[in-house]
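Visitor: My questions are about this predicted structure, shown below with the sequence.
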Amino acid sequence: MGEMEGDVAELTHLMQRFSWVDYVVFVFMLAISAVVGVYWGFLKKQTTQADYLLGGRNMQVVPVSMSLVASFVSGITLLGSPTEVYMHGTQYAFIIGAIFLMSIIMTQIYLPVFHELKITSNYEYLSIRFDNKVRLFGSILFAFTLIGWLPIVIYVPALAFNQVTGVDIHVITPIVCLVCIFYTSAGGLQAVVWTDVIQITAMFGAMALVAIKGTIDVGGIGVVFQRNMDSERIEMPNWDPNPLTRHTIWSLIIGGTIYWLQSNAVNQTMVQRYLSLPTLRGAKWAVFLFCIGISFLYCFCLYCGLLIYARFHDCDPLQTKLAKAKDQLLPLLVMDVLGDIPGLPGVFVAGIFSAALSSLSTSLNSMSAVVLEDFYKPFFSKQLSDRQSSWLMRGVVILLGTICVGLVFIVEKMGTILQLTMTLESMTMGPQLGVFTMGILMPWVDATGALVGGVSGVAIMSWWCLTSQLAIARGQITHPHKSLSTEGCTYNFTIADNIIEDSVFSDDVNPVLRVSYMWYTLAGAMVSVCVGAVVSRINRARGKPHLPPAPRLLAPQLRKLYKEPPHPTDEPYIRAYGQNKETCQTNSTSINMKPIAEREEIS
């Protein structure tokens, strides 16, 4: 774009140059998604629940793995990760190593159990292993997590769209979300997966375009790295063992592994796609391809953070208010380097919205599965026809989508998205990981222990996370950022003092609240596991009977060391094995997974 002259208001107006070509590109992306929904919803009829929720359990590895990447990488990642590098440096990049550690743990321990059981919702496992109360607890946690997370996912691309066009987020958000709600409710998982394939292509294309053109404009990759090294943004691993330090190699690898684990191994939105594959081997390949894809996309995002600093190294747009929020830095870079070329800003915005739509559609589809399998079937005796089930699931998609659009107006009042998102997830998903871990790795834990452990984890983590966020909002806790300069600015501005404040730790703040947010998920899981194990041991000491779980409900590594339950007439045994023990042992796929109350043939 060249040298910037004038004042901030003039520059902001000049950068909002979304041409008709850009709008065509953006609308074309939405139209493709809608067409896919029409195809799978009306032309390719899906006659059963398995067709709608799991693609008939006959999906292909490559499209599913691409869908996994697309749905996991929301606009939060695409906009939040570059901001993290710009403000705090590259230390966060070491979380990529945790992705591959997660894949080993997931494919060896969690995934085999879920896939062999042939379930639709992973919360069915909690009913089989424990009881319906634990299942309902897990499902409610999932629902609350989605309701808190999806508005953030929707808000982020609207923020980017506002930066490059000036269109109010209250206008664009409902329009885009209506398209997503339509193709998700109409087409089911098939529509979700194939739109994800299209959208992940748009994401990679958008980030690659920004990286290549931006690097050329700055003066080459050498200039990018030199300017970032001069400002100490390119960092070696921080080996500080202090848990109060925001990012260290320990928190990113250990805490990051547990965070990735809860996001992939026990999260219904991800597990549902793994279960749509016909074989366990295919599901493991999908995990491997997901790790590669997510790592490449993270590298693009982190490099764009370096690129933002290289471009604005002597004129910070946050202090000059050229960018109104930290998470508008990447859109600002896009309009700076791509704004003169018609169509390219449209490609970027389409990529950002693709990330959001893929996450939103996947979550809505997963929530419809949870409502049907975990909220309706265990508690209502009336059996729904496939047509009735289809209408119920579509209604859930429409209702939840509408609620999330409404909650966007609350999210816009909050702060930086990356830490906020991981903090909110840790409140519920850490304890949920703990509950599943107790079921799969700790055969002595009973239903009471699992439920008490999960509730304790949620209670403690809610206090911890919310109190910590409140302290941050009050300015009692702030984190130091890298150097920012306005010495080279060639336009008039009024400096924003709140951007340049130093790190502050009030003496009145509890040290526990200063612990890095990267440890939250691990802490939530550990609290749940420890409390659950202790409560279960107390129950044994008090003489409360406990039937050990069926071996197939445990991790494969434990099955060889574990004796089969000796009580084939007890209800929990029947729930796991079916009435005929010998038949079920020879035909593992015939196991009835539904709660005992649903089994009309069992008296």
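Guide: Received it, and whenever you're ready, just let me know what you need.

Visitor: For residue 232, grab the count of nearby residues.
Guide: Counted with other CB atoms under 10 Å, the neighbours of residue 232 add up to 11. In this view, the C-beta of every residue, glycine as well, is placed from N, C-alpha and C.

Visitor: show me the residues around it that make contact.
Guide: 89, 482, 483 (CB atoms under 8 Å, 6 or more residues apart in numbering).

Visitor: hmm, which of those are the buried ones?
Guide: Buried by 16 or more other CB atoms under 10 Å: residue 89, out of the contacts of residue 232.

Visitor: ok, so of the contacts of residue 232, who is nearest residue 295?
Guide: Residue 295 has its nearest neighbour among these in residue 89, at 19.1 Å by CB to CB.

Visitor: which residue is nearest the middle of this protein?
Guide: For the chain, the residue nearest the mean C-alpha position is residue 72 (5.0 Å; CA atoms, centre = their mean).

Visitor: what are the phi and psi angles of that residue?
Guide: For residue 72, the backbone dihedrals are phi -80, psi -40 (criterion: degrees, to the nearest 10).

Visitor: and what of residue 491?
Guide: Torsion angles, degrees, to the nearest 10, at residue 491: phi -130, psi 160.

Visitor: can you map out the strands along the stretch 351-500 of the chain?
Guide: With DSSP state E, counting those that start in this stretch as the criterion, the stretch 351-500 of the chain has strands at 491-492.

Visitor: low-scoring pLDDT stretches of it, where are they?
Guide: 411-426, 493, 495-500 (pLDDT under 70).

Visitor: Next: the stretch 1-150 of the chain.
Guide: 1-17, 37, 40-58.

Visitor: Hmm, residue 270 and the residue nearest to the centre of the chain touching each other?
Guide: Yes - here residue 72 lies in contact with residue 270, judged by CB atoms under 8 Å, at a distance of 7.0 Å.

Visitor: joint contacts of those two?
Guide: By CB under 8 Å, 6+ apart, residue 72 and residue 270 have these common neighbours: 263, 264.

Visitor: What number of residues are in the vicinity of the nearest residue to residue 316 once chain neighbours are set aside?
Guide: Spatial nearest neighbour of residue 316, excluding adjacent residues (CB to CB, 6 or more residues apart in numbering): residue 484 at 4.1 Å. Counted by other CB under 10 Å, the residues lying close to residue 484 total 19.

Visitor: again with the one 4 residues further on
Guide: Close neighbours of residue 488, defined as other CB under 10 Å, add up to 11.

Visitor: Residue 490 now?
Guide: 10.

Visitor: Residue 91 too?
Guide: Neighbours of residue 91 (other CB under 10 Å): 22.

Visitor: how far away is it from residue 434?
Guide: The gap separating residue 91 from residue 434 is 27 Å, by CB to CB, to the nearest Å.

Visitor: next one: residue 231
Guide: From residue 231 across to residue 434, the span is 40 Å (CB to CB).

Visitor: Between the two, which has more neighbouring residues?
Guide: residue 434 (31 against 16).

Visitor: residue contacts, the more buried one?
Guide: Counting by CB under 8 Å, 6+ apart, the residues that residue 434 touches are 453, 454, 457, 524, 525, 526, 527, 528, 529, 532.

Visitor: now with 7 Å?
Guide: By CB atoms under 7 Å, 6 or more residues apart in numbering, the contact list for residue 434 reads 453, 454, 457, 524, 525, 528, 529.

Visitor: Mind telling me what element residue 242 is part of?
Guide: Here residue 242 sits in a region with no helix or strand, counting by DSSP states H and E.

Visitor: Could you report the distance from the nearest residue in space to it that is not next to it in sequence to residue 95?
Guide: Spatial nearest neighbour of residue 242, chain neighbours left out: residue 248 (7.5 Å); criterion: CB to CB, 6+ apart. From residue 248 across to residue 95, the span is 11 Å (CB to CB).

Visitor: again with residue 349
Guide: Where residue 95 is concerned, residue 349 sits at a distance of 27 Å (CB to CB).

Visitor: Which of the two has more residues huddled nearby?
Guide: residue 349 (27 against 22).

Visitor: Would you mind confirming that that one makes contact with residue 24?
Guide: No - counting by CB atoms under 7 Å, residue 24 is not a contact partner of residue 349; they are 11.9 Å apart.

Visitor: quick revisit: between residue 248 and residue 95, what contacts are shared?
Guide: By CB under 7 Å, 6+ apart, residue 248 and residue 95 have no common neighbours.

Visitor: Distance of the spatially closest residue to residue 112 that is not a sequence neighbour relative to residue 270?
Guide: Residue nearest to residue 112 in three dimensions, not counting chain neighbours: residue 556, with 5.2 Å by CB to CB, 6+ apart. From residue 556 over to residue 270 the distance is 20 Å, taken as CB to CB.

Visitor: longest helix anywhere in the protein?
Guide: The single longest helix within the chain, with elements called by DSSP state H, is helix 169-218.

Visitor: Starting from it, tell me the next helix or strand along the chain.
Guide: helix 221-230.

Visitor: got the contact list for that following helix?
Guide: Counting by CB under 7 Å, 6+ apart, 215, 218, 234, 306, 307, 309, 310, 313 sit against helix 221-230.

Visitor: Filter those residues down to the ones in helices?
Guide: 215, 218, 306, 307, 309, 310.

Visitor: Now for those: which two are most distant?
Guide: Largest separation among the ones in helices among the contacts of helix 221-230 by CB to CB: 215 and 309, giving 12.8 Å.

Visitor: between those two, who's got more neighbours?
Guide: residue 309 (26 against 21).

Visitor: Check for me that residue 320 belongs to a strand.
Guide: No - per DSSP: H, G, I helix; E, B strand; the rest coil, residue 320 lies outside any strand segment and is coil.

Visitor: Does it touch residue 487 like I think?
Guide: No - contact criterion CB under 7 Å: residue 320 and residue 487 do not qualify, at 11.6 Å.

Visitor: And those two? Which one has more around it.
Guide: Legend: neighbour count by other CB under 10 Å for residue 320 and residue 487, higher for residue 320 (22 against 8).

Visitor: Quick check, pLDDT for that one.
Guide: As predicted, residue 320 sits at a pLDDT of 82.

Visitor: Please renumber the chain so that the first residue is 351 from this point on.
Guide: Sure, I'll start counting at 351 from here, so that last one is residue 670.

Visitor: Ramachandran angles for it?
Guide: For residue 670, the backbone dihedrals (degrees, to the nearest 10) come out as phi -90, psi -10.

Visitor: Residue 410 now?
Guide: Dihedral angles for residue 410 - degrees, to the nearest 10 - are phi -100, psi 150.

Visitor: Just list the residues touching it, thanks.
Guide: Counting by CB under 7 Å, 6+ apart, residue 410 touches no other residue.

Visitor: ok, it to residue 585 distance?
Guide: Counting by CB to CB - residue 410 and residue 585 are separated by 40 Å.

Visitor: got it, and residue 634?
Guide: 34 Å.

Visitor: dump the residue contacts of residue 877.
Guide: Residues near residue 877 by CB under 7 Å, 6+ apart: 806, 807, 810.

Visitor: what's the closest non-adjacent residue to the last one?
Guide: On the basis of CB to CB, 6+ apart, the spatially nearest residue to residue 810 that is not a chain neighbour turns out to be residue 877, at 5.3 Å.

Visitor: Helices of the stretch 851-953 of the chain, start to end?
Guide: Applying DSSP state H, counting those that start in this stretch to the stretch 851-953 of the chain gives helices spanning 870-891, 906-909, 921-927, 931-936.

Visitor: For the contacts of residue 877, which entry has the maximal number of neighbours?
Guide: Greatest neighbour count in these, by other CB under 10 Å, goes to residue 807: 29 neighbours.

Visitor: Pull the contacting residues for the nearest residue to that one once chain neighbours are set aside.
Guide: Excluding the flanking residues, the one nearest residue 807 by CB to CB, 6+ apart is residue 781, at 3.0 Å. Contacts for residue 781 (CB under 7 Å, 6+ apart) come out as 804, 807, 808, 811, 874, 875, 878.

Visitor: Just give the number of residues close to residue 880.
Guide: Residue 880, neighbours per other CB under 10 Å, totals 14.
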